[in-house]
Every structure is written in C-alpha cells, then in structure tokens.
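In: Generate coordinates for the sequence data below:
(chains A, B and C)
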Amino acid sequence: MTGNFFSTMWANIVTIFNIIITSSFLYSVLRLTTPILLATMSALVSDRAGVTNISIEGAMLFAALIGVIGSAYTQSCWLGLLCAILAGMFFSLLLSFFHLKLKTNLVLTCIALNSFSSGLTIFILYMLTGDRGTSTALPSVDMPKVSIPLIRDIPFVGEILSGQNVLTYMTVLVVIAVAILLYKTKLGIYIRAVGESPQAVETAGISANRIRFYALLISGAIAGMGGAFMSMAYISGFTKDMVSGRGFIALAAEAMGHGQPLASTLAALLFGFTDSLANNLQVLGLSNDLARMVPYIITIVALALYTWRSAKPKKVTGSL
Amino acid sequence: MSKTEHEKKTGGIFEFLFTRHRTATLNAITMVIAIAIALALALILIFAVSSDPGNAIWQFLVAPLASKRAIGNILTTATTISFTGVAVCIMFQASMFNMAAESANFLGALTGAIVAASLKLPPVISIILPLVAGAAVGAIVGSIPGILRAKVNANEMVSSLMLNYVVLYFGLYILKSFFLDKGAGQVATKKLPAASRLANIIKGTGVHSGVLIVVVVIVLIYIFLYKTRAGFGIRIYGQNPSFARYTGVNVDNVILYSQMLGGAIAGLGGSVEIMGMYQRFQWTALPGYGWDGIIVAILARNKPQFVPLAALFIGFLRTGANYMNTYADVPKELITVIQAIMMILVTATALTGRLKQRLAVKEALGNDR
Amino acid sequence: MSALLELKGICKVYENGVYANRGVNFTVEEGEIHALVGENGAGKSTLMKIIYGLEQPSEGQIFINGKSVSFSSPQDAMAMSIGMVHQHFMLVDSLSVMENVTLGQEPAKLGFIDRAAAKAKVVEIMKLFDLNVDPDMRVGDLNVGLKQKVEIIKALYRGAKILILDEPTAVLTPQETTELFTKLKQLRNNGYTVIFISHKLREVMELCDRVSVLRKGEMVNTVNVKDVTQQQISAMMVGVNYSDKLDKAKANPGEVRLRMKNVACLNRFGKRVVDGVSLAVRAGEILGVAGVEGNGQHELVEMIFGLRKCAEGTIEIFGKKSTGMNVRDLRKTGVAYIPADRMTTGLATTMSIEDNIIATHLENKSLLNGGLMSSRKIHSFSEQRVREFQVKCDSTQTEVNMLSGGNMQKVVAAREFNDSVKLFVVEQPSRGIDVGAAKFLHEKLVDMRDAGCAILLVSADLDELLKLSDSVVVMYEGKISAYFPDASQVDENEIGQYMLGVKHQSDEQIGGVCHE
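Out: Numbers count the residues shown, from 1 in each chain, chains lettered A, B, ... in the order given. Next comes the predicted model:
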C-alpha cells in the first residue's frame, strides 16, 4: 500500500519536472513575472524614499481599467498604455495629497485607497458599460507581442525569450532605469537619503516631502504599467479585482530584495515561477481552489523564511 | 471684577474643550469635518451619475430610517460589523495591522455552519457549539500573522493579506469537497437545523439575538482592555513596544493573544451572521465584513465603547447604498468609495493642524499679558 | 556699523503649546565667537533653528547686516552664509563623506552626478580649512569626532561665514574638544563668526569672546566673557544661586547586590561590545561608570536588566543567577532602571502621566479591586506620586508628550523610585533636563543610597558622575580600563586619558571593583 503512495508521489514529481523544463513553462514564467516585477519596482522606488506604499494593488487595478478605457476610445494600445501610466500617477497624487499634505496615517490611507480603487473601478465600469464584472463590452486594443528576429530562431531559448509581450521587454528596461536612477542621478541620491535620514535632507535645504512626492509619482507610473499589463497583455480586458494580491506580493519581493533592484528582481522571478507552477498543478488533478492557494502560501513561507534568516531588529517606532 | 467673571463664564466651555481636553476636541472636530466632506462628495457623485438625484438621495439618506424593516437592516448590519469592528480594535490597539479579520470572519462562518448542519446537537448546545467552533477557528486564523510576527518578525500586514486569499480558497475547497449540499443547486452547505438558528427578537425585521451577544462581547472586551493587566499590556505594547518590554510586559505573549482574541471575535461574528441571517452557508467570495470592521474601528478610534455608534453609522450608510442600488440608479459601490474617503480623512490631523497651532500661540502669548 | 546678525523680539510657540522663545533680542558681531548659554529647555535650540530657517518665528524679525530677512527654509539661511552643525548629526550613514558634504549641491550634468568634480571640490575645501577626512569613506563607519568634522566641512562647503554649533562637545572626549577649540579659534582669526551653544560654562570661559544668556525663553543679558565669572553666568542662567555642591555623607557599603563576572555580549555584526567585564555593586553605594558613549555602557546595563542576551559570563543579583530572568521577574525582586532614552524606552509618550506611572505597579494588589484595575485607587496613587516628584502638569490624565524634558524625567522617576527597590540602575539621569530637576533627582538618588539601595550610575557627563558617585570605573571599548575607589579624589584630565584608552590600569587595580 505504501508502495502505491510512493510511486504516485514519484509519478507526480516526474510530471511536474517534465512540465517545468519545457520552454512553454519557462515562457509563461517570464510572462507571469512581468506584473509582479513591475509592482516590485514600484514598491522599491517608493520604499527607498521611506514611504512603504501598500496602495500599489489599488493603483494597478485602477490603471488596468483606465488603460482599457483609453485604448477602447482611441483604438490605440499605446495611448491606452499612456492612460494607464497617468492613472497610476494620479493614484500616487492622491496618496501624496493625503499622506504628505494632510498628514494622514500612511498605512490606513493605503488600505483605504485600495478599497477606494476596488469600488471606484466597478462604479466606473458599471456607468460606462452597465456591466459590473468585466469590460468585454469595450473594444479595447491589447499590447502586441514581439517576435525578435535572430533570437526566435535559437532552439529552446528562442521560444522562451522571443514572442513575449512588448511590455515584458519594457519591464527589463524599467529595472535598468530604476537602478540608474537610484545610483547615478541627483534625484536618486535624494530619494535614498530621504528614506534613510529625512532630517539630513531637510537641513541640506531640500524639501523631504518634495522628494517623496517625486518618488511616489515614479512609483505610480511603474504601477500603471503593471496595471496595463494585466488588462492589455495578460488577459484581454478588465475584470473585477483582477490584480489578485500581486501588489502585496510585490511588497514581500521588495523586502526580500532588501530594496536592491537586482535582488528584488530575483525575488519577483521566484513568485512568477510559483504562479506559473500553480497554474500547471491542475494537471495533477489538484482541485482548482487548492491550486490557487499555492502562490499565496509560498509568499507567506518565503517572507517568513527570509525575515527569520536576516533577523534584523525591527524598528520599534512608526508603522512598518 | 465683572470682566473676569464674564471671562470665566464664556471661558468655561471654551477652556474645557480647547485647553483641558484639546486633543479629544480636535479629534472630534476632525471626524465631523471628515464625515461632512465624505458625504458632500457622495452627494456630488449622486448628482453626477443619477438621472433622478432626488430619488437617489431619498433612498440613500431617508429610506433607511423610514420603515421598521429598514431600521432592522441597519441593526443587523451593525451587529455583524460590530463583531469585526471590535476584533480590529483589539488588533489595532496592539499596533498590529492584521487584516485577517476578513478571513477569520469567513472561516468562522463556514465552520459554524458545518458544525450546525453536520452534527445532530441537543438544544442550547446546538447554538453554543457552532458559535464556539467559529470563534476557535477564527482565533487560529487571526493568530497566524501574529505568530509569524512574534517568532520571525514577518510583516503582519503582508502575511495577513496573503492569508485572506489562502483561507478563502481553502474554505471553498473544504466546502466543495466535503460539505456540499448536492441538492441545493448552488455552492452551499446543507440547511442549518432550526435549533441552530438564532431567534428573531424584533418581529417584522431580521434582527436576531446576535445583537445581545455582541453587546455582551463589547462590554467584556472593554473591561478586558481597560481594567485588566493583560489588556493594559496590549495597549502599552501598541503605544510603544520598547516601553512595553522595559516595563516587563511579555511581548511575544501580547502579540499572540491579542491577535487570537481579535480573530476569535471575528470568527464568532461570522457564525452569528450565518446563524442569524441565513438558512445555510453560501458565500463564494469574501463578504467584506472584515473591511467594514476596519473602518468601524477607525471611526471608533480603536475604542470598543464607540464601536456600536460607528457600526450603526456605517450600517446606515450601507443600507442606504443598497436601497439606492435597488430602487434608484446609483450603484452601491459608491459607498465603498465614500467609506474610503472617510477612512482617510478621519486620520488627517492636518485638517485641524492650523487650528491647533493658533490655539497654542494664543494661549502662550495670552498667558503673558 | 550694524551688526552681522541681529534678532529683534523673536517669539516662538510650538503646536503642542510649548512657549520656547519670548521676545528675544540677540546680536552677533562679525569675527567673534559668541556663546549662547542656558539650561536645557531655555530655548537655545529653538532660537538657532529659527536662525537656520528650520522653524519660523511666531513674531519678531531677523536682520543681516542691517537688512531685514526672513528664512522659510535652510536654503535661505545658507544663501545668507549661515551654516549649522547640529547636536544630533544630520548625516546619511549609507552615503560617503563626499556625498554627504555635497548633498543638495552636487555638481551634475542633466541630473547625472559628476563624481570627479564633486570630489575635487570637497578635497579643495578640506585642504583650505585643514579639516581632513577620507572623502570616500562611508559616513556610517566613522566615529563621532570625525562625523562632527564632516558636518563642519559640510557647512563650510556651502559658503558659511557664520557657523552655529549646537552643543558640539556633548559627544567629544576632552582631547577632541581641545582640537575643536583650536580649529574654531583659527576660523575666528580668519574672519569667520561662530555661535557656540552650550551649557558647559567652563568651555564657554575658555573659548568664547561674548556670551548671551537665555532663561525660560527670555534673553537675560549679553556680556563680554572676560568681564564675568562662571558663577555670575550661572546665576543669570538659573536666576538662583544654586550651589554646585551636593550634600553627600560618606558611603557605608554593605553586602554585594550585583555581581558581574567576565560578562560579554555581541552586537548584530558579531562585534564584542562588552568584552569581559567584572564588577560588583554593594548596598548603600553609588558606583559610577564613566566613558565616552558607545563603549559598551548601554549594552552592559541592558544585560543587567534582562533586555539583552548575555553571551558569556554570569550576572548575579541578590546572590542569585539573573541571566535568563525576564524583566517582570527582575522587577519583582527589586530591580529598577532609569533608561538613557526616556522618550523611546522610559515612557509611552502618547499615554497619560498616570498610565506611565502605574505601568510597573500592577503587581501591587493595592491598586486592584477584585482582580480588576481600580480607577479610584490608581488616581490617588498617581496623584500622590506626581506631588511627591513635583511633576508640573495640569492633571494626571495629560499626555506625557505635552511635558517638558525635565518633567518627563520626573515621571520616570515617579515610577521607578520605590521603597522596595534594592538595586537601581540609572543611565544619563540629567541629560537634557534643567538644573533644578537634575538637582532634585540627584538628591533623591543620594537618599536611596543612604537607605541602603545599591546604585549603578552610567553617565557621559563627568561633572554629574564624579559628584554623585562614591567610586568610579571607566569603560573603554567594552572593557573596564580603570577603577577609582574614591570618586572625590579623581582628576578630570587623568580620567579623560582612561576614557580615551591612552592609559589602562593593571588587572589588579581594576579587580578592586569586584569586592571579592
């Protein structure tokens, strides 16, 4: 009897292994990592400025809807992308106004903004289409996939790297841009300084809040791209609550990456991998619900393991 | 002589409000401003969106109070979100931004329904056992982010938000695999036996004995937080963890039991909701009572004694939004938007910042003359 | 000819009600070192923040060379050649010296920093003023004296002609202080102006040309240093002639209450911050621990009180092993602790005075009524304590953050001083509080000692330490470097050498503190 159990286990492991090493699986890892990575970069810029931005989830959701609406009315996916980026930045504007200007509590404001986004997107969708769940009534245009000459002809690797959505390739540029911003530019140094020692920045004559504002705007723009990916590349169109926690997973990835662009990218890749794995687990006969649990469980476990190993004394004042 | 006497009389109220109790008064003013702005925004949105704003506003603000059934709706909503509100109060007083009240509520409801529907229980036990089971399961759910925080210092907000998804799918899995009522035509448990349903206490409305339960819970939690050593420990830890450690509070214990207690009450609230309002458990998504609990706790400033007031207010808004959704042409998501604005503005100390500054200057310079 | 800098009728009231400056008139001439003295809480820091543009006055005017100016931010002040070296350094630890010095004024092309140009400019300034620090070093790795140098370079880089230094010697050893004073005199001789904020009158007499005295937010007087004595300045500062001496009978030590043997602990980088310390404190004596802050004193105290793991060695309290005991049990056996940072550890500033006072007294059944906290009993307890410790407040329900520093410390004392305390650990008791409150605390500590309590006193303020203690040990780099059985015989310069690690006693001499 136990022989039966072990042989089924082994068969399952072999099946999974066979799935993982296919090019289509690895292709989907890159695809699924994209929104998480964008959200992670968004969290990173904001966090380095000392603002732990929990409202990225809401920003992405809002941008996903606005992007779809924009592309439907202009029939251009690029204008739609622009709308999504602006929507993300608008969200940051709200956060800056409330937290930096009116001095509201950051954590509560972000929670409220996520809730706000959830309700507002459905509200707007209903007003425009009469539908509460999806935007299928809107003729939105998706972002195109790109087939890269030469690379696409490489066996195996070519199938993974070529043919991704243009936004996925742009994400790589975003990561590089964020690294250059933080370490080579004036604004980047100010962002890092503000996150670590706001008084040093103030006494040097720079407004700490102005720097935080710029960091939040950049964070919002990147989140807007992430939202655009969800509704214009990942699937076609907006669905209620479609971001499904990626904005929060990004916080875990950014924490695990210590706020460093490269390390955070690796963490985001890990979560993209588990997301892709979860999609494939149904092949093993795992129930739909159990499979959907997997990415979130992995996030909790990864976060716990990471903080246990780094055992940093937590700051005892303030939120997060 | 008469001038100072006159000053004393009018000064009396002013002095009481703005000198001795300045913080509380300014907080109250902030809350009034916040609510006023949020409601004004609501009215603007209604006018922008509705083809018959008059009707919409009537449904939103008047209809909830216009009939016995409507007031009953307010009461039942308020009951449920009072449970989650108190739960969040406890968690937030410990300065733990644990969002798991939502999934504790969900899983507690499911557990209560399963226990009631699957076991043949004698009377009285048929009420108590499902409630206790719901509370116990809620305690486990709520404690997970707490344990992770206490043991490995993992951020409880991220872990609890993830946990909400995990518990939802896990609950649905358990429901569909083991406790599905095949003949029901929807994803739901079997019907709850009559002995497990909470009695209706006001005829003509849905108001059930859960109201009494929640009142008892609020009183007990108030006493716990303000009159016991353990509760004091939670409050000290929430205000300053360093100070808590230094005065001898067992910080690991505080984190754990504050989150367990919060989770238990949220789970209890879930059971109460199912046993009072439904014939069977049929939620296929997170119902959102945890989020309502957060806004109730924020309006109540994390104080259990103010939770009923806040819950009634939110219950009023929710009922109005539902009526507006059904009988007018404004979608009920409006209320989510309004609640979010209120939540943000209530903590906007800057709204009264300038007033605070002017009061301080006035007092200081005034004392000089 | 008008003065370089003039303040007229400056008033400043803070949002939380604190009235920091009342109608202050302050004049500074070019090319002088001008001291601004006053007790803690007199309003010196506020006045300087106004000059530097960090705060705006509620009333009053500022004039530079006769022209009226107003500063809405430090940038405006810097444009007027005013530079400030803060008491708590305004540096970013993860950035290099060069990046900190040029912060906000980096030479850049299109937003991209020109590192070579920045470094060249910084090195130039360093050479010009003979203030040398390696520009590429990470500021977080520098010691306190070097960090201060970086702050000065930072101000000079921005073209400061008026340098404000806020309590600069608080963190320096005697030798580093001498070096700083030489530098400041050099700057003055080259036409620069220095405003020197301090409450250490001996330094003011040594360094400064003129002195202005603030008391309770008001400017009392401005005089030439050579025309007055320390006592006269002191009298102006407090308005009362406080005798500097403490009425202290000779100690009569009893049994050993605290014994530490070869105690060591590590910080999170694995460095031994306490490296094999052995000492003993007896009933009825005050043992002082001297040393520049950061040599392990704080960690030592944390280990005694159970707030930090003791990696090696043993600690015995009242004859029983105490390592591993939790804070609550330690307090129950009669240990109390006044911590160095009262605002982050010693108090919950958002809670009421009453809550802060009773926080450690809930074991006390007399505050309970049937197992639950009794409001009535708690009120009368806290009110009695507030009276006894002269805490100035409107009611015990007031939030602690509305109190002045001195009163906050009195709340801590009101909680920690109890008849049942047999071992009292006290850290920096008079830091940041006014002379009156400090004297009150010192007298209470001596009373405790006379009643038989064992007291371990850690203080970076040598005056306070030598005045209060019966015997003294010096800590340097985690070890005890000296033991002086009689504090009244200690010479300040000599003890300074032990504090700096220049001298180190033999093991036998140090062993005397163990009272085996």
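In: nearest spatial neighbour of residue 196, skipping sequence neighbours?
Out: Since you didn't name a chain, this refers to chain A. residue C:92 (5.3 Å; CB to CB, 6 or more residues apart in numbering or on different chains). The way it works is simple: take the backbone N, C-alpha and C, and place the C-beta from them, glycine included.
In: switch to chain C, that's the one I care about
Out: Residue C:196's closest residue in space is residue C:35 (CB to CB, 6+ apart), at 4.8 Å.
In: pretty sure the one you found is touching residue C:206, no?
Out: No - between residue C:35 and residue C:206 there is no contact under CB atoms under 8 Å: 10.4 Å.
In: who has more neighbours, the two?
Out: residue C:35 (25 against 12; other CB atoms under 10 Å in any protein chain shown).
In: so what's residue A:245 up against?
Out: Residue A:245 makes contact with A:57, A:296, B:161-162, B:165, according to CB atoms under 8 Å, 6 or more residues apart in numbering or on different chains.
In: buried sites along the helix or strand encompassing residue B:65?
Out: If you go by DSSP states H and E, residue B:65 is part of helix B:63-66. Residues of helix B:63-66 classed as buried: B:63-64 (neighbour count, 16 or more other CB atoms under 10 Å in any protein chain shown).
In: model confidence over the following helix or strand past it, on average?
Out: Next along the chain after helix B:63-66, taking DSSP H and E as the criterion, comes helix B:68-93. Mean pLDDT, taken over the full extent of helix B:68-93, equals 94.
In: next helix or strand past helix B:68-93?
Out: helix B:101-118.
In: Report the beta-bridge partner residues of residue C:352.
Out: Residues in a beta bridge with residue C:352, per DSSP bridges, are residue C:399.
In: Now do the contacts for it.
Out: Residue C:352 neighbours (CB under 8 Å, 6+ apart): C:396-400.
In: Generate CSV for those residues, with pLDDT as supplementary columns.
Out: As requested, the contacts of residue C:352 are exported to CSV (pLDDT from 0 to 100):
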residue, pLDDT
C:396, 89
C:397, 88
C:398, 86
C:399, 87
C:400, 90
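In: Which member of these is positioned nearest chain A?
Out: Distance to chain A across these (CB to the nearest CB) is lowest for residue C:400, with 15.1 Å.
In: Now the residue of chain B found nearest chain A: closest residue in space, sequence neighbours ignored.
Out: Using CB to the nearest CB, the single residue of chain B nearest to chain A is residue B:336, 2.7 Å away. Of all residues beyond its chain neighbours, the one nearest residue B:336 is residue A:119 (2.7 Å), with distances taken as CB to CB, 6+ apart.
In: Surely the one you found is in contact with residue B:340?
Out: Yes - the criterion here is CB under 8 Å, and residue A:119 meets it with residue B:340 at 6.9 Å.
In: tell me the domain boundaries of chain B?
Out: Recorded structural domains for chain B (assignment: automatic domain parsing) are B:1-50+B:336-369, B:68-329.
In: I'd like the average pLDDT over the biggest helix by length in chain A.
Out: The residue-count maximum for a helix in chain A (DSSP state H) belongs to helix A:23-48. The average pLDDT within helix A:23-48 is 94.
In: How about that helix and chain C, touching?
Out: No - against chain C, helix A:23-48 shows no contacts by CB under 8 Å from any CB of the partner chain, the least distance being 10.6 Å.
In: next structured bit after that helix?
Out: helix A:56-74.
In: Helix or strand next in line after that following helix, which one?
Out: Next along from helix A:56-74, by DSSP H and E: helix A:77-95.
In: buried ones in that following helix?
Out: Quick answer for helix A:77-95 (16+ other CB under 10 Å): A:77, A:80-92, A:94-95.
In: Then stretch C:43-57?
Out: So, applying 16+ other CB under 10 Å, buried residues of stretch C:43-57: C:43-55, C:57.
In: check contacts around residue C:176.
Out: residue C:145.
In: Tally up the residues packed near the closest residue in space to residue C:371 that isn't next to it in sequence, please.
Out: Excluding the flanking residues, the one nearest residue C:371 by CB to CB, 6+ apart is residue B:228, at 7.8 Å. Neighbourhood size, residue B:228 [other CB under 10 Å]: 16.
In: quick one: residue B:228 and residue C:369 touch, right?
Out: No - with contact defined as CB under 8 Å, residue B:228 does not reach residue C:369; the gap is 11.8 Å.
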